[in-house]
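> no sequence on this one, just coordinates:
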Ligand code: BG6
């Protein structure tokens, strides 16, 4: 069967400033520079945010590579700490020139840009003032957003306020995987609340400043399933769904807090502090579209890791799955691969959130020690990644055929990149990046992706 996608479908990939540009001297410090200085051993192989692919100098070449793998669109971010080194003061003019040049280059090469404002990379100077726990930092974010819209809004028409905003409270205030490494549920709730306010205020300013533009936020609303029919698992899954999915989804799409979540937080003395006008701000500033990142489902909650019977593969069965395809693979990101969840996620948007326009903003497969799959011709033979994309795209196709208003699919990520704490451990690219030499080289999936886009679909 041929899986045909709609005309003008957005095929592309996502990246972020912090993970690609490089920390040349003019960029202000972010929380990841601070974290790395304090605890370099928390980063895989001790590699910090100073060893990057140097998109800052090589952006022309990299955009050409996005084109070479067929991309007609791309999402990246502006580095808040590059544009405004202390987060709330002077605008760095070199950064203004740089971002204009990058935006122009995307346009020149015919790649439509979706520009994101923040991808976890809070300026260090603002984190020192309390980060998003502090309402003044919300104002600084809105000022930053306004500056970006005024500077670049005539050239870029599609914007995002945040990538995966839940990761800031989750990583920084709940689970200790990002700076400031606080573990405090109440503070995490306050950070989430203030980020929603920041988002809504930025959406408001956007519509005042940018003519004919559209703005979204990008959420990892990972579908959540109970691990069994046991009522305790079902109840736990519902709570996880409220905290990790509905917390952002409801205010940005419905313009209101989720009532069940508010009740839950109230019962546990976790309600955040806000201002009387916040409700109105949220209600009046809903997004124009939504970006959806999907990697793996959350299965709640068993003490031991019990494989779900419908799962295509789990870390334990990863080996067997690819053995079927004549390959042996025992290294993976360790994330469950469950393609149907991408369909469930899209159907949630259609059935519960008014079928707002959406796109898959990230989907990808992280592989460790990928070098072992290099073929005799020197090319990484990542047929497993092609299989992964096809499995997910079949479900995206099904959702579209059932009426979901999905206009694009972006992979994470075109070129292997550094990631916050995992550094170069998990390789996601369809283009290989060698951190030692700086060399970029298409993987087999890169050539396949180009064929996919050229045909606007795939045969299977
Ligand atoms: C996504 C993030 O959720 O996961 C990216 O938006 C990140 O920034 C990606 O790089 C992969 O993460 P990791 O830790 O496997 O490299």
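Arrived safely, thanks for sending. Everything numeric here is computed off the predicted structure, so don't read it as measured data.

> contacts only, for the closest residue to the ligand within the chain.
Residue nearest to the ligand within the chain: residue 419 (3.1 Å; Cβ to the nearest ligand atom). For every residue, glycine as well, the C-beta is placed using N, CA and C. When contacts are counted by Cβ atoms under 8 Å, 6 or more residues apart in numbering, residue 419 touches 19, 425, 426.

> burial measure for residue 350, as a count.
Neighbours of residue 350 under the rule other Cβ atoms under 10 Å: 17.

> tell me which element it is part of?
helix 340-352 (DSSP states H and E).

> could I get the average pLDDT for that helix?
If you average the pLDDT over helix 340-352, you get 97.

> what separation do you get for residue 257 and residue 109?
42 Å (Cβ to Cβ, to the nearest Å).

> give the buried residues for the helix of greatest length in the chain.
For the chain, the helix that runs over the most residues, judged by DSSP state H, is helix 185-209. For helix 185-209, burial by neighbour count (16 or more other Cβ atoms under 10 Å) applies to 187-206, 209.

> cool, and stretch 133-142?
Buried residues in stretch 133-142, counted by 16+ other Cβ under 10 Å: 133, 134, 135, 137, 138, 140, 141, 142.

> can you check what angle separates the helix or strand just after the longest helix of the chain from helix 340-352?
Once helix 185-209 ends, the next helix or strand along the chain (criterion: DSSP H and E) is strand 214-219. With axes from the mean of the first three to the mean of the last three Cα atoms, to 10 degrees as the basis, strand 214-219 and helix 340-352 are set at 130 degrees to each other.

> report whether strand 214-219 contacts the ligand.
No. Against the ligand, strand 214-219 shows no contacts by Cβ under 6 Å from any ligand atom, the least distance being 8.1 Å.

> what is the longest helix of the chain packed up against?
helix 135-152, strand 158-163, helix 167-169, strand 214-219, helix 247-249, helix 278-284 (3 or more Cβ pairs under 8 Å, 6 or more residues apart in numbering; DSSP states H and E).

> any chance of these in JSON lines, plus mean pLDDT and distance to residue 71?
Putting those into JSON lines (pLDDT from 0 to 100; distance: least, Cβ to Cβ, whole Å) gives the following:
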{"stretch": "helix 135-152", "mean pLDDT": "99", "distance to residue 71": "20"}
{"stretch": "strand 158-163", "mean pLDDT": "99", "distance to residue 71": "15"}
{"stretch": "helix 167-169", "mean pLDDT": "98", "distance to residue 71": "25"}
{"stretch": "strand 214-219", "mean pLDDT": "98", "distance to residue 71": "17"}
{"stretch": "helix 247-249", "mean pLDDT": "98", "distance to residue 71": "27"}
{"stretch": "helix 278-284", "mean pLDDT": "98", "distance to residue 71": "34"}
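
> want to try TSV for the ones you listed, with distance to residue 453 as columns?
Formatted as TSV, these follow (distance: least, Cβ to Cβ, whole Å):
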stretch	distance to residue 453
helix 135-152	26
strand 158-163	18
helix 167-169	29
strand 214-219	21
helix 247-249	29
helix 278-284	37
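
> quick check, central residue of this structure?
Of all residues in the chain, the one closest to the mean position by Cα atoms, centre = their mean is residue 163, 4.8 Å from it.

> backbone dihedrals for residue 430, please?
Main-chain torsions, residue 430, degrees, to the nearest 10: phi -100, psi 0.

> what parts of the stretch 251-400 of the chain come near the ligand?
Residues of the stretch 251-400 of the chain found near the ligand (Cβ under 6 Å from any ligand atom) are 293, 333, 362, 366.

> cutoff 5 Å now
Neighbours of the ligand within the stretch 251-400 of the chain, by Cβ under 5 Å from any ligand atom: residue 366.

> what's the closest non-adjacent residue to the residue nearest to the centre of the chain?
Spatial nearest neighbour of residue 163, chain neighbours left out: residue 119 (4.2 Å); criterion: Cβ to Cβ, 6 or more residues apart in numbering.

> doesn't that neighbour lie inside a strand?
No. With DSSP: H, G, I helix; E, B strand; the rest coil as the criterion, residue 119 is located in coil rather than a strand.

> and the residue nearest to the centre of the chain, what does it touch?
For residue 163, the contacting residues are 14, 16, 77, 116, 118, 119, 120, 218, 291, 293, 361, by Cβ under 8 Å, 6+ apart.

> give me that answer again for 7 Å
Residue 163 sits next to 16, 77, 116, 119, 218 when contact means Cβ atoms under 7 Å, 6 or more residues apart in numbering.

> count of residues packed around the last one?
Looking back up the chat, that one is residue 218. Applying other Cβ under 10 Å, we find 24 residues neighbouring residue 218.

> pretty sure it is touching residue 294, no?
No. With contact defined as Cβ atoms under 7 Å, residue 218 and residue 294 do not form a contacting pair (11.1 Å).

> by mean pLDDT, flag the weakest helix or strand of this structure.
Taking mean pLDDT, DSSP states H and E as the measure, helix 315-323 is the helix or strand of the chain with the lowest mean score, a mean of 34.

> number of nearby residues for the residue nearest to residue 163?
24.

> may I have the phi/psi pair for it?
Main-chain dihedrals, residue 119, degrees, to the nearest 10: phi -120, psi 70.

> please enumerate the strands of the stretch 351-460 of the chain.
Assigned by DSSP state E, counting those that start in this stretch, the strands in the stretch 351-460 of the chain fall at 358-363, 406-412, 431-433, 440-442, 457-459.

> mind putting those in a markdown table, mean neighbour count included?
Formatted as a markdown table, the strands of the stretch 351-460 of the chain follow (neighbours: other Cβ atoms under 10 Å):
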| stretch | mean neighbour count |
| --- | --- |
| strand 358-363 | 25 |
| strand 406-412 | 24 |
| strand 431-433 | 22 |
| strand 440-442 | 19 |
| strand 457-459 | 16 |
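
> would you format the ones you listed as JSON lines with mean pLDDT included?
JSON lines is the format used below for those (pLDDT from 0 to 100):
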{"stretch": "strand 358-363", "mean pLDDT": "98"}
{"stretch": "strand 406-412", "mean pLDDT": "98"}
{"stretch": "strand 431-433", "mean pLDDT": "98"}
{"stretch": "strand 440-442", "mean pLDDT": "98"}
{"stretch": "strand 457-459", "mean pLDDT": "97"}
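
> got a markdown table for those strands, with distance to residue 370 too?
What follows is the strands of the stretch 351-460 of the chain, written out as a markdown table (distance: least, Cβ to Cβ, whole Å):
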| stretch | distance to residue 370 |
| --- | --- |
| strand 358-363 | 18 |
| strand 406-412 | 15 |
| strand 431-433 | 8 |
| strand 440-442 | 12 |
| strand 457-459 | 23 |
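
> residue 374 is nearest to which of those?
Proximity to residue 374, assessed across those by Cβ to Cβ, is greatest for strand 431-433 (8.9 Å).
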